[in-house]
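A.B. asks: The following comprises the amino acid sequence and a computationally predicted model.
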Amino acid sequence: MTERLPVLYNKKPCYDIVFTQSFDGLWEELQALECGSRKLCVVTDSRVDELYGEAVLNLLDGKCLKAAKYVFPEGEKYKTLDTVKDVYRFLIQEGFDRKDMLIALGGGVVGDLTGYTAATYLRGIDFVQVPTTLLSQADSSIGGKTGVDFDGYKNMVGAFKMPRLVYMNLAVLATLEDRQFFSGFAEIMKHGLIRDSIFYEWLIENMYEICERDLNVLQEMLQRSCSIKKLVVEKDPTEQGDRALLNLGHTIGHAIEKYKDFELYHGECVALGCVAAAYISWKKDMLAMEEYYEIRDMFVPFNLPISVDDIDPSEILKLTKSDKKMEAGNLKFILLKKIGKAVIDRSVTEDEILAAVREIYFSEEDAHE
Ligand code: GLY
């Protein structure tokens, strides 16, 4: 069943998140945005193009002024300004002007990069998110964060740019490879951890159906997860305050992601980062020990890692400090008071970070014990 969740920006209706189970309703949604008289460019990567590129282009062809498609190679290593430049060149060549629109068809890399291109091309044109991974449906397509990596630093260059629509076809989740699917789950778990213990319990109760990818359960899960994110981003769209709570697990997570040269998926690093943040919270006497172990162990049935090998904890510490979550030289850490209640904390020391990284570090010695 198609459901929609309106998202406000500065207290005014800004865009709808549409939850549905096919691409059939996409054109109708675009028509409501007056796309009949616009040029549309689908921006996607090579993997998603093979799966859905033609199908989506065919939905637009003949209905709008022009339907074009730009495909770049799959992978985080293409989330760069060079790829953005290539998209600009394509748009110029195809005669795209300020009233035309981009459609980001793909996962987080495609959504972030297309959004950033839309934010900057001709000082800003409209764009629509059509997320095709669980991670992008649960997190990156919502809230208007766009950007690219720079010199290996995640999302170092970017802009806030709200999409005109987020269209989620949940049927795409059925064919997502396991690792990619479960990676997205980390962001969903994160939403329960920061804001909603009842949702967190619901995830545990529905673990079997989620792992079996029951589409109706996935739809309910995403609607509830997106409602949490919606409330946070509506209150603080440009991360002046509480939106930072959504960064739970991302400070140490991003450092591991960079250290491993993006060999681990983003959600896998977020799971590791959440375990580390929960550990710091416990050691600071904010979180009960039982809740720390409960949080750590809950990632396991969802195939997410709770330890990582081949890292140098002191290098992870260094990378953590160079992440963009620094404010006046202090690290802005997100910690947990309990399941469902996260807080911003600026008092985390280097020793506490090191201890947390050692806690999630699975070393050779552990293997022989
Ligand atoms: N992914 C965190 C945020 O959108 O703020």
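C.D. replies: Happy to help now that I have it.

A.B. asks: Where do the strands of the stretch 251-369 of the chain begin and end?
C.D. replies: 326-327, 330-331, 333-338, 341-345 (DSSP state E, counting those that start in this stretch).

A.B. asks: who does the second one pair up with?
C.D. replies: Taking DSSP bridges as the criterion, strand 330-331 pairs within the sheet with strand 326-327 (antiparallel).

A.B. asks: Show me which residues of the stretch 1-150 of the chain sit near the ligand.
C.D. replies: 139, 143, 145 (CB under 6 Å from any ligand atom). C-beta coordinates here come from the backbone N, C-alpha and C atoms, glycine included.

A.B. asks: Check the contact between the last one and residue 112; I expect there is one.
C.D. replies: This means residue 145. Yes - assessed by CB atoms under 8 Å, residue 145 is found in contact with residue 112 at 7.3 Å.

A.B. asks: still on that earlier bit, check the strands of the stretch 251-369 of the chain for me and report the most buried one.
C.D. replies: Mean neighbours per residue, mean count of other CB atoms under 10 Å, is largest over these for strand 333-338, with a mean of 21.

A.B. asks: now for it, which elements pack on it?
C.D. replies: helix 178-195, helix 250-259, helix 266-283, helix 289-298, strand 341-345 (3 or more CB pairs under 8 Å, 6 or more residues apart in numbering; DSSP states H and E).

A.B. asks: Once you drop chain neighbours, what's closest to the closest residue to the ligand within the chain?
C.D. replies: At 3.8 Å from the ligand, residue 246 is the closest residue in the chain, using CB to the nearest ligand atom. Leaving aside its chain neighbours, residue 246 sits nearest to residue 232 (5.9 Å; criterion: CB to CB, 6 or more residues apart in numbering).

A.B. asks: you'd agree residue 104 is in a strand?
C.D. replies: Yes - assessed with DSSP: H, G, I helix; E, B strand; the rest coil, residue 104 lies in a strand.

A.B. asks: Just give the number of residues close to it.
C.D. replies: 32 (other CB atoms under 10 Å).

A.B. asks: That one against residue 43, yeah?
C.D. replies: Yes - if you go by CB under 8 Å, residue 104 and residue 43 touch, sitting 5.7 Å apart.

A.B. asks: what sits in contact with each of the two?
C.D. replies: In terms of CB atoms under 8 Å, 6 or more residues apart in numbering, residue 104 and residue 43 are both contacted by the residues 110, 113-114.

A.B. asks: thinking again about what came up before, and the residues of the stretch 1-150 of the chain next to the ligand, which is closest to residue 288?
C.D. replies: Nearest to residue 288 among these, counting by CB to CB, is residue 139 at 27.2 Å.

A.B. asks: tell me the SS of that closest one?
C.D. replies: Three-state assignment for residue 139 (three-state DSSP): helix.

A.B. asks: other SSEs contacting the lengthiest helix in the chain?
C.D. replies: In the chain, with assignment by DSSP state H, the single longest helix is helix 215-235. Judged by 3+ CB pairs under 8 Å, 6+ apart, the packing partners of helix 215-235 are strand 3-9, strand 12-20, helix 178-195, helix 197-205, helix 207-211.

A.B. asks: now the strands of the stretch 251-369 of the chain in JSON lines, with mean pLDDT and distance to residue 79?
C.D. replies: Output for those, formatted as JSON lines (pLDDT from 0 to 100; distance: least, CB to CB, whole Å):
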{"stretch": "strand 326-327", "mean pLDDT": "65", "distance to residue 79": "22"}
{"stretch": "strand 330-331", "mean pLDDT": "80", "distance to residue 79": "24"}
{"stretch": "strand 333-338", "mean pLDDT": "97", "distance to residue 79": "24"}
{"stretch": "strand 341-345", "mean pLDDT": "97", "distance to residue 79": "27"}
